[in-house]
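>>> Give the three-dimensional model of this entry:
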Amino acid sequence: QLEESGGGMVQAGGSLRLSCKASEDTFPAHATGWFRQVSGKERQFVAAISWDGARTIYSDAVAGRFTVKRHGDRRLVFLEMNNLKPEDTAVYSCTADPTDMILTTKKSSAMNPWGQGTAVTVSS
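From the prediction side, this is the model:
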């Protein structure tokens, strides 16, 4: 129901833009969140955006460097990542939250739709 794309390898200081596309059978209106995970570690909240795009929230680790945007086609969300650091290396996944709780809790239920993830590698 959710599909990420745009991952790859980049040098430190570089930029990448990730995309998250929700299928038409995903919730008609939902907040979209981005999380990242390094093998052996817990999944970490990155950013989230409301359905209308008016509200965004970021983790302290990426605030000021990452920007989450919703396309005119609201089922498409971008995560623009600038000034990338080696510690940003992870698999990035998006999730759809119909309750909007992610915008306050920075958490998304395992029962919500999740994508398979796209890998980002930042070399020093």
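>>> residue contacts, the residue nearest to the spatial centre of the chain?
In the chain, the centroid-proximal residue (Cα atoms, centre = their mean) is Trp34; its distance is 2.2 Å. By Cβ atoms under 8 Å, 6 or more residues apart in numbering, the contact list for Trp34 reads 18, 20, 45-48, 68, 79, 92-95. C-betas here are computed from N, CA, C, even on glycine.
>>> what's the closest of those to Val120?
Distance to Val120 across those (Cβ to Cβ) is lowest for Tyr92, with 5.7 Å.
>>> Spatially nearest residue to the closest one, not counting backbone neighbours?
Of all residues not flanking Tyr92 in the chain, Arg36 sits nearest, at 4.8 Å (Cβ to Cβ, 6 or more residues apart in numbering).
>>> Quickly find the element holding the one you found.
Under the criterion of DSSP states H and E, Arg36 resides in strand 31-37.
>>> what does Gly40 give?
Gly40 belongs to no helix or strand, assigned by DSSP H and E.
>>> any idea how far the residue nearest to Tyr92 is from Glu24?
To Glu24, Arg36 is 26 Å away according to Cβ to Cβ, to the nearest Å.
>>> and if you look at Asp88?
Distance from Asp88 to Glu24, counting by Cβ to Cβ: 31 Å.
>>> Helices of this protein, residue ranges please.
Using DSSP state H, the helices of the chain run over 102-105.
>>> in it, which spans are strands?
2-5, 8-11, 16-22, 31-37, 44-49, 56-58, 66-70, 76-81, 90-97, 118-123 (DSSP state E).
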